[in-house]
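> sharing a model prediction with you, sequence too.
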Amino acid sequence: MSGNLYIVAAPSGTGKSTLVGLLLKEEPGVRLSISTTTRNPRPGEINGREYHFVAVDDFRAMIKRSEFLEWAEVHGNFYGTSKKWIADQLAAGVDVLLEIDWQGAQQVRKLFPRAIGIFILPPSLEELERRLTGRGTDSSEVIARRLAAAEAEMRHVGEFDYAIINDCLERALADLRSVVRVSSLRYDVQRIRHADLFSRLIN
Ligand code: ADP
Ligand code: 5GP
């Protein structure tokens, strides 16, 4: 039995974490993969909740032990997805959501060609800057670096199955939920989830 694997990517500040947080409340069947990172925690972030925060040497040791499904350097820090946790969840039929960048998405797609890719776009570059500044968690230097990277990141939108524009938050959340709902209704997913019913109804 295999759960659905969702990959959600967006330039920093678009509202990806906000949207994913709301989605997880409304779709409790979907579990978020907690990545490991070498970046410093932001105010309010808790080790093991937003990320597993580790030192660079520890991250390198994890790479050597092949503990990551994928990893990448993003905005000067390392980020990686735990291989074992994902494998265990999917094998148990649980839907998993990865909040990762386009480089990680490329690696995951090679391993899981049926992963469902969703790219979230801001309504404009000006609004992206406003959101990055308004979040109040990053220095102006970090914000400038993330804004500069945004345009290059958005060139990868075509590698994803779905593109959602996060202008109105409610609308974007409804769009994200639609993708999750429709993916879970696919025949090959339903046939496994409701195997008993299918065999009773169709001989
Ligand atoms: P990301 O995870 O993509 O880096 P966040 O979820 O941290 O982005 O959101 C960045 C900022 O933008 C936060 O302050 C958040 O409250 C705000 N935000 C998110 N979505 C919207 C939206 N649709 N309209 C206005 N502000 C938003
Ligand atoms: P932030 O520092 O704002 O939390 O995240 C910065 C970027 O790193 C975002 O684009 C986010 O999706 C990406 N990211 C977070 N975790 C992972 C991961 O495990 N792997 C990869 N490749 N990117 C990640």
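Cool, got the structure. Ligands and ions are numbered 1, 2, ... in the order given.

> please count neighbours and contacts with C-alpha atoms only from this point.
OK.

> what about the chain, any weak spots by pLDDT?
When residues are selected by pLDDT under 70, those of the chain lie in 1.

> spell out which parts of it neighbour ligand 1.
10, 12-18, 131-132, 134-135, 166-169 (CA under 6 Å from any ligand atom).

> among those, name the buried ones.
For the residues of the chain next to ligand 1, a burial check counting by 16 or more other CA atoms under 10 Å picks out A10, S12, G13, T14, G15, K16, S17, R131, L132, N166.

> skip the chain neighbours and tell me the closest residue to the fourth one.
So that's T14. With CA to CA, 6 or more residues apart in numbering as the criterion, T14 has its nearest non-adjacent residue at 5.2 Å, and that residue is P122.

> for that neighbour, grab the count of nearby residues.
Here the count is done by other CA atoms under 10 Å, and P122 has 23 residues near it.

> for L5, same thing?
25.

> equivalent analysis for D95, please.
The number of residues near D95, taken as other CA under 10 Å, comes to 21.

> which residues touch N4?
Contacts were defined as CA atoms under 8 Å, 6 or more residues apart in numbering; by that measure N4 touches L90, G93, V94, D95, V96, A115, I116, S183, S184.

> my guess is the fourth one contacts P28. True?
No - taking CA atoms under 8 Å as the contact criterion, D95 and P28 are not neighbours in contact, 9.7 Å apart.

> filter the contacts of N4 down to the ones near ligand 2?
Residues shared between these and the neighbourhood of ligand 2: none [CA under 6 Å from any ligand atom].

> narrow these to those that are buried.
Neighbour counting with 16+ other CA under 10 Å marks L90, V94, D95, V96, A115, I116, S183, S184 as buried within the contacts of N4.

> in strands, which of those appear?
Secondary structure defined by DSSP state E assigns D95, V96, I116 of the buried ones among the contacts of N4 to strands.
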